[in-house]
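Q: Give me coordinates for this.
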Amino acid sequence: MTDTATPYIPNKRIPPKSAEELRAQIPGWGADLDPADRPSYPREQPGIETGARWDFPERQPEKWPRERSVEHAFLPPVFGTSTPSAGVSGAIRRYAYKYSEGRAAHWLLLMGADRVDAGEHHLKSLATLRPDNPITETGVVSEFRGGGFRSRFGQDRADVNHQWMDPIIVAGPWVLAAAGLAAAYKTLRKERTQSDARSAT
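A: Model (predicted):
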């Protein structure tokens, strides 16, 4: 049997370990080398009758440009269309796909886009008849009804270490939005007062 190289080490061994050495060192190594011991092997043989009526599935039409990993030459035949990218979060997501999935930048940008998307939806809700309710929708009420505060102590909970950040993360955007609306209202009221004073003179 020929020597089989392994990709799980940073530098290639010279000479590389043989299949027998690897099998002796790693239990189960090379279990699928022999086709007779490979459960999926019959399906890997060319010309076997599968019942498929196509060589390649019919491709789903792409109604708008979809994000595609740089590792893939094209989109898969079927992909989701329920949540198209839009706004600032969509731009961040599209930019994230310029990086390989093996790069931290790819995933950090996608996580950041999720946070931006949540903020965009909060802002959109303010323009509706039923805006988001930060009191009932964040579980704050359950802290006082179901012993939430008591359960944080003496239980060896992992989230106790970062619970001081929770009010900032949850309430921070709402406080900033309220401050922004108050500042905008104050500015508009000041301008209206000044214009009324000018028209009176």
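
Q: Give the lowest-confidence helix or strand of the protein, using mean pLDDT as the measure.
A: None of the helices or strands of the chain scores lower by mean pLDDT, DSSP states H and E than helix 41-44, at a mean of 64.

Q: and Pro10, what pLDDT?
A: At Pro10, the pLDDT value in this model is 53.

Q: heads up, I number from 35, so please use that
A: In the new numbering, first residue 35, that becomes Pro44.

Q: before we move on, back to that, check the offset of the next helix or strand after the least confident helix or strand of the chain from the chain's centre.
A: Counting by DSSP states H and E, the next helix or strand C-terminal to helix 75-78 is helix 121-130. Relative to its chain's centre, helix 121-130 lies at 12 Å (Cα atoms, centre = their mean, to the nearest Å).

Q: what do you get for stretch 93-104?
A: Its chain's C-alpha centre and that of stretch 93-104 lie 18 Å apart, by Cα atoms, centre = their mean.

Q: residues in contact with that stretch?
A: 108-109, 111-113, 115, 118-119, 127-128, 130-135 (Cβ atoms under 8 Å, 6 or more residues apart in numbering). Any C-beta I mention is one placed from the backbone N, CA and C, and that applies to glycine too.

Q: And the buried ones among those residues, selectable in ChimeraX?
A: Filtering the contacts of stretch 93-104 down to the buried ones (16 or more other Cβ atoms under 10 Å) takes a single ChimeraX command:
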select :119,127,128,130,131,133
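
Q: Just give me the neighbour total for Ser185.
A: 12 (other Cβ atoms under 10 Å).

Q: again with Ile126
A: Neighbours of Ile126 (other Cβ under 10 Å): 19.

Q: Next, the contact list for it, please.
A: Contacts of Ile126 (Cβ under 8 Å, 6+ apart): 143-144, 146-147, 150.

Q: Show the buried residues in those residues.
A: 143-144, 147, 150.
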